[in-house]
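In: Provided below are the primary sequence and the corresponding predicted coordinates.
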Number of protein chains: 2
Amino acid sequence: MNITGIVVEYNPFHNGHALHASESKKATNADLVVAVMSGNFLQRGEPALVSKWSRTQMALASGVDIVLELPYVFATQHAEIFAEGAVSILSAFGANSLCFGSEAGDIQQFLRLTSFINENETTYNSFLQEALKEGYSYPKALAMAFKRIENSEQILDLSEPNNILGYHYVKAIFKQESQMKPYTIQRTQAQYHDKTISSLGIASATSIRETLIKQGNTLEAVEHVVPAYTFNELQSYKKNYTSFQHWERLFPFLKYKVLTATIEHLGNIYEAEEGMENRLLDVIKEASSFQELMEKLKTKRYTWTRLQRFCLHTLTNTTKNDMKNLNLTCPYIRILGMNNTGREYVNHYKKKIDVPLISTISKLKHPFIEIEKRATTCYALGYDPIIQNKLMKEEYAHPPILV
Amino acid sequence: MNITGIVVEYNPFHNGHALHASESKKATNADLVVAVMSGNFLQRGEPALVSKWSRTQMALASGVDIVLELPYVFATQHAEIFAEGAVSILSAFGANSLCFGSEAGDIQQFLRLTSFINENETTYNSFLQEALKEGYSYPKALAMAFKRIENSEQILDLSEPNNILGYHYVKAIFKQESQMKPYTIQRTQAQYHDKTISSLGIASATSIRETLIKQGNTLEAVEHVVPAYTFNELQSYKKNYTSFQHWERLFPFLKYKVLTATIEHLGNIYEAEEGMENRLLDVIKEASSFQELMEKLKTKRYTWTRLQRFCLHTLTNTTKNDMKNLNLTCPYIRILGMNNTGREYVNHYKKKIDVPLISTISKLKHPFIEIEKRATTCYALGYDPIIQNKLMKEEYAHPPILV
């Protein structure tokens, strides 16, 4: 069987994602598409609109054969760690290729850049440190270091977010000596950060979320940019869970946490640096919403995403100590769901998978799983008690979804 | 000037409290009544129905001349520490007497018991330890130790809650070599724990709270048992603050805290003992309300109050380390409010007061004040953002109320 892997968040699943899954299958000539998907919290440091189970359902209904979970410890990190975690899971699961969407759309650019950086690692690193010292944010510093090292000959435009992510996938594949062959397909139309919905059937997940949360939850406004199954799932999620999840629902807990913790404790939160905790403490006192907090926190040095992740780790009580020994290869694989083709593959291949394959997390003890549970608890606390309990039980005892 | 001191919670102020103030004045032949009052959290480990400012207004309107704050570190403790803190404040403030309500109503019984215990301290302590080892709760063990030492001759009935508290006031007066003379007046009619409201104009604060919170907030039901000023204040508080404060409003934060903290952290919370933190962690997972939590937590060994205080310290993040060097004499006096008579006394007497007299807490740095601020933050977080900010600003910058 020829398996291709994709790395996704599906927040929520939309037409562009369906296209990505089918094109990845075609481009790699695969029999099966396996997606590694972030759980309840995402790379930008925010909660997913709907739970991991709901998003798994959406994916399985629209061309994905197996959904694996990217644990919190990888999913809520900057591109490098995010990519390392995802690549390690897909590799261990036996994928033959990894296919990502990018603005560049040409795998040669990624391969050339990777070997170029490998050959010039020392110079590159010193440029990176230089740019960071000059006060640039990490993504900006990264792009600048590339620019300086390339000395006017640009191999790949790293100011584009999906190009950066793609570069890290390719880099991780080489670093981990993965069997996977990297592919890329061109991203079409909607850009990652677009906040409005086009009428063309493809919209960014960001614009879909904005529409669903900020413009009064008019579900119909997104109907033409998501598969019918997603639309139904969103409808029933909203009905059953009363609301989509977003930061504002979790903000009271963040505020409580920051205002009652000691400053030493806040300084030990993962990603706290250079007195960020003092700033958070100062600003949150006056903030009445998460949006207001973030606007007041934002500085030139730290990106919105960077600060949002720090807020998230504060909320979930993820400390530097928790992450101290973060191994960049994932120590287990959690299956969130699969269809028949997926199940056949798993039954056939599971003996060759070196890491534990878990169906319910209560069956394995691991520090990452403790963090996962804590994160889900926080996600659940944004809801009323009955839904809280439902979400928490799902986390502990939900078997993989079979369709 | 002859000053009498009283120790109060006023949760809320009612006709019985007005009687206590006026009878204390009469019994001690005082010119002025000074009340030391718990702040936002009370001895039973629960939030006050209305803020400390609102309760101060009620007291000043009904016969109390000065209201001083009993800090959180004393106010949320068992009888002995509670009494020590209150007595130290009244002594430092220059009160000539302390007058408490009791079931016994005869000060000789308290004086005799105090000297009897003093003379038999070693035996008494060993009886107390014995009863605790047998698995009795602290108040029960106390009563049993007294019973055993008195050897069938009962000096004072310590199964009555106000007698116990009174005994600790008298004991603290002797221990601190206070200039205050102890007095007691008989408590009338309503018992502390009564949960229904009598038609006689005197009801326990417990029954008033139950009526206000549990039976659908029908304010009129308590009109005949509180002074007119209290009634109006309760009405306007409910209007301005949208709701009375109670544990259920704070429960989501407690649940969040317990489910995200490490077990080591919970074990370091003040009053955590014998794995109480493990039990709390286990039970809170399934609890959808504070009431449900408490019912499931309750055991023979620990009283409701004991457990409720542990929950409160967990909420406010008050640790064993915070309380490690708890000095049993209060290091400052905070005036919450006074009338003209009170102001004259303060102006006249303030040079003789040895501890700092503070009008707004932002003017003094002290670990107790840090704890006070944290407690107020928790109290405030039970409300919506606008009211939150109002309550927090009041805590930092409110000058004493002058009437």
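Out: Looks like it arrived, so ask away. Numbers count the residues shown, from 1 in each chain, chains lettered A, B, ... in the order given.
In: Can you pull the phi/psi pair for the residue of the stretch 151-300 of chain A found nearest chain B?
Out: Nearest residue of the stretch 151-300 of chain A to chain B: A:Ser288, at 3.4 Å (CB to the nearest CB). All C-beta atoms are positioned from the backbone trio N, CA, C, and that covers glycine. Main-chain dihedrals, A:Ser288, degrees, to the nearest 10: phi -100, psi 0.
In: Tell me if I'm right that it and B:Leu381 touch.
Out: No - A:Ser288 is beyond contact range of B:Leu381, at 11.9 Å (criterion: CB atoms under 8 Å).
In: Can you check which residues contact both of the two?
Out: Common neighbours of A:Ser288 and B:Leu381 (criterion: CB atoms under 8 Å, 6 or more residues apart in numbering or on different chains): B:Gln388.
In: Among the two, which residue is more densely surrounded?
Out: Using other CB atoms under 10 Å in any protein chain shown, the more surrounded residue of A:Ser288 and B:Leu381 is B:Leu381, with 23 against 14.
In: The more buried one: what's it in contact with?
Out: Neighbours of B:Leu381 in contact, by CB under 8 Å, 6+ apart: A:252, A:255-256, A:259, B:250, B:253, B:388.
In: and with 10 Å instead?
Out: Neighbouring residues of B:Leu381 by CB atoms under 10 Å, 6 or more residues apart in numbering or on different chains: A:252-253, A:255-256, A:259-260, B:249-250, B:252-253, B:315, B:388, B:391-392.
In: picking up where we left off before, can you tell me the closest non-neighbouring residue to the residue of the stretch 151-300 of chain A closest to chain B?
Out: B:Pro385 (3.4 Å; CB to CB, 6 or more residues apart in numbering or on different chains).
In: Surely that neighbour touches A:Lys285?
Out: No - assessed by CB atoms under 10 Å, B:Pro385 is found out of contact with A:Lys285, at 11.4 Å.
In: Common neighbours of those two, please.
Out: Common neighbours of B:Pro385 and A:Lys285 (CB under 10 Å, 6+ apart) are A:Lys255.
In: give me the number of residues near the closest residue to chain B within the stretch 301-403 of chain A?
Out: Relative to chain B, the nearest point of the stretch 301-403 of chain A is A:Pro385 (3.5 Å; CB to the nearest CB). Per other CB under 10 Å, the neighbour tally for A:Pro385 reads 17.
In: Please apply the same query to the one 4 residues further on.
Out: Neighbour count of A:Asn389, defined by other CB under 10 Å: 16.
In: would it count as being in a helix?
Out: Yes - assessed with DSSP: H, G, I helix; E, B strand; the rest coil, A:Asn389 lies in a helix.
In: How is the residue nearest to A:Gly85 when sequence neighbours are not counted assigned, secondary-structure-wise?
Out: Distance criterion CB to CB, 6+ apart; nearest residue to A:Gly85, sequence neighbours excluded, is A:Phe74 at 2.6 Å. When classified by three-state DSSP, A:Phe74 comes out as helix.
In: got a list of what A:Phe74 touches?
Out: A:Phe74 neighbours (CB under 10 Å, 6+ apart): A:36, A:38-39, A:43, A:81-89, A:326, A:328, A:330, A:368.
In: again, only this time at 8 Å
Out: A:81-82, A:84-86, A:330.
In: List the ones among the residues you listed that fall in helices.
Out: The helices, defined by DSSP state H, take in A:81-82, A:84-86 from the contacts of A:Phe74.
In: Next one, pLDDT for the residue of the stretch 301-403 of chain A closest to chain B please.
Out: A:Pro385 carries a pLDDT value of 89.
In: With the one 3 residues further on instead?
Out: What the model reports as pLDDT for A:Gln388 is 92.
In: cool, A:Met1 as well?
Out: 88.
In: Then A:Ala48?
Out: 96.
In: Over to A:Phe110?
Out: 94.
In: now the residue of the stretch 51-200 of chain A found nearest chain B, nearest residue through space, not along the chain?
Out: Nearest residue of the stretch 51-200 of chain A to chain B (CB to the nearest CB) works out as A:Tyr72 at 12.8 Å. Nearest residue to A:Tyr72, sequence neighbours excluded (CB to CB, 6+ apart): A:Ala375, at 4.5 Å.
In: Report the separation between that neighbour and A:Cys330.
Out: As judged by CB to CB, to the nearest Å, A:Ala375 and A:Cys330 stand 16 Å apart.
In: Tell me the secondary structure at A:Cys99.
Out: Applying three-state DSSP: A:Cys99 is strand.
In: Just give me the neighbour total for it.
Out: Number of residues near A:Cys99 (other CB under 10 Å) recorded here: 27.
In: so who does the closest residue to A:Gly39 other than its chain neighbours touch?
Out: Excluding its sequence neighbours, the residue lying closest to A:Gly39 (CB to CB, 6+ apart) is A:Lys52, at 4.8 Å. Counting by CB under 8 Å, 6+ apart, A:Lys52 touches A:37-40, A:69, A:336.
In: One more pass at 10 Å, please.
Out: Counted by CB under 10 Å, 6+ apart, A:Lys52 has contacts A:10, A:37-41, A:67, A:69-70, A:334, A:336-337, A:376, A:379, A:391, A:394-395, A:398, A:401.
In: cool, A:Val67 as well?
Out: Contacts of A:Val67 (CB under 10 Å, 6+ apart): A:8, A:10, A:33-37, A:52-53, A:55-60, A:334-339, A:342, A:400-401.
In: cutoff 6 Å now
Out: By CB atoms under 6 Å, 6 or more residues apart in numbering or on different chains, the residues touching A:Val67 are A:35, A:37, A:56, A:59, A:336-337.
In: would a markdown table of these with pLDDT and neighbour count be doable?
Out: A markdown table is the format used below for those (pLDDT from 0 to 100; neighbours: other CB atoms under 10 Å in any protein chain shown):
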| residue | pLDDT | neighbour count |
| --- | --- | --- |
| A:Ala35 | 98 | 31 |
| A:Met37 | 98 | 26 |
| A:Thr56 | 97 | 27 |
| A:Ala59 | 97 | 28 |
| A:Leu336 | 96 | 24 |
| A:Gly337 | 97 | 26 |
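In: from these, which is closest to B:Arg306?
Out: A:Leu336 (43.5 Å; CB to CB).
In: I'd assumed A:Met58 was in contact with the closest one.
Out: No - with contact defined as CB atoms under 6 Å, A:Leu336 does not count as touching A:Met58 (11.4 Å).
In: Just among the ones in helices among the contacts of A:Phe74, which is most surrounded?
Out: A:Ala86 (29 neighbours).
In: Need the per-residue pLDDT for the residue nearest to A:Gly85.
Out: 96.
In: ok, now A:Asn162?
Out: For A:Asn162, pLDDT reads 90.
In: Doesn't it belong to a strand?
Out: No - using three-state DSSP, the secondary structure at A:Asn162 is helix, not a strand.
In: quick one, what contacts the residue nearest to A:Tyr72?
Out: By CB under 6 Å, 6+ apart, the neighbours of A:Ala375 are A:40-41, A:72, A:316.
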